[in-house]
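Novice: generate a structure from the sequence data that follows.
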Amino acid sequence: MSTGAPDWTAGPASAEGLRERKKRLMRKQLSDTATAMFLERGFDAVRVAEVAEACGVSEKTVFNYFPVKEALVMDRLEATLAAVRSGLADAALSPVQAALLILDRELAGLTGWLAGQEDVSQARQAIRRFGDLIRATPALRAYQADMLERSVAVATEVLATRAGMTPDDPEPQIAARALLGLWRVQADSTRRYLEQAPTSARLHELVTADVGRAARLIDTGLGAFAAPSSLPGR
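Specialist: The predicted structure follows:
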């Protein structure tokens, strides 16, 4: 990618109109440009006005698309939040199945993008640098944590409705936090295998296996988790 920022978002829908396409492309340009500038100079060293100038728009236009600076680099979290809301509400799927479906789509977007790059090594570096940027920036970590809490709140509400409970009941609360924990498992596993996996397909396979193991534990409950005394070496 010319910006140096990984972009593994899905392509536009076939029924997309001209206005929607223009808005999507502008949003993408703003996010790609900002992410590249943040990676080069650091998140705190870049002002939103500079991003606007680089894209030939006003600062107000940037904030029309992204309510806060952090969203410029972490815009996919909004898409995840929407997917969690609609996916968990699907009565045809169990909550774990719905979460796994969303996660697999997100992972497929990443590994598909990776497979399509001419320089895979450089692409893997871009993904790693993107993660390093977030971990090294307190404001981005705080925004990520806030979005996680919003996702947990949404998941709790949806799961409570499915079960005929209220969001104040303990069962939907712990279920929501367990399900959203799968995103952390996927992120950690991706970082773990990013350099080890010889192909993007193998990366997808390894990460999916880790997420599946965590999902099975959610399905069976902690009663299936080994007690400390039975662990190897104890």
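Novice: distance of the nearest residue to Leu179 once chain neighbours are set aside from Glu106?
Specialist: Excluding its sequence neighbours, the residue lying closest to Leu179 (Cβ to Cβ, 6 or more residues apart in numbering) is Ala99, at 4.8 Å. From N, CA and C alone the C-beta is placed, and that goes for glycine too. Distance of Ala99 to Glu106, computed by Cβ to Cβ, to the nearest Å: 11 Å.
Novice: tell me the SS of Arg213?
Specialist: Of the three states, Arg213 takes helix according to DSSP: H, G, I helix; E, B strand; the rest coil.
Novice: what pLDDT does it get?
Specialist: Note on Arg213: pLDDT of 96.
Novice: from Asp188, how far off is it?
Specialist: 12 Å.
Novice: touching both of these two, which residues are there?
Specialist: The contact sets of Arg213 and Asp188 do not overlap (Cβ atoms under 8 Å, 6 or more residues apart in numbering).
Novice: still on that earlier bit, more neighbours: which of Ala99 and Glu106?
Specialist: In terms of neighbours (other Cβ atoms under 10 Å), Ala99 is the more surrounded of Ala99 and Glu106; the figures are 25 against 21.
Novice: tell me which element the more buried one falls in.
Specialist: helix 95-115 (DSSP states H and E).
Novice: and the angle for whichever helix or strand comes after that helix with helix 95-115?
Specialist: Remark: after helix 95-115, the chain's next helix or strand is helix 120-136, criterion DSSP H and E. Interaxial angle of helix 120-136 relative to helix 95-115 (axes from the mean of the first three to the mean of the last three Cα atoms, to 10 degrees): 130 degrees.
Novice: other residues contacting helix 120-136?
Specialist: In contact with helix 120-136 (Cβ under 8 Å, 6+ apart) are residues 1, 4-6, 35, 38-39, 43, 73-74, 110, 113-114, 117, 140-141, 144, 187, 190-191, 194-195, 200.
Novice: what is the mean pLDDT for it?
Specialist: Mean predicted lDDT for helix 120-136 stands at 93.
Novice: can you check stretch 48-62 too?
Specialist: Stretch 48-62 comes out at a mean pLDDT of 97.
Novice: separation between Ala99 and Gln186?
Specialist: 10 Å.
Novice: typo on my end, it should be Pro198
Specialist: Pro198 is 20 Å from Gln186, by Cβ to Cβ.
Novice: same thing with Met147?
Specialist: 15 Å.
Novice: now do the helices in the chain.
Specialist: Assigned helices in the chain, in chain order: 18-41, 48-55, 59-65, 76-88, 95-115, 120-136, 138-163, 170-193, 200-220 (criterion: DSSP state H).
Novice: show me where pLDDT drops low in the protein?
Specialist: Along the chain, segments meeting pLDDT under 70 span 1-15, 224-234.
Novice: kindly recompute the last result at 90.
Specialist: Low-confidence segments of the chain, defined by pLDDT under 90: 1-19, 75-79, 221-234.
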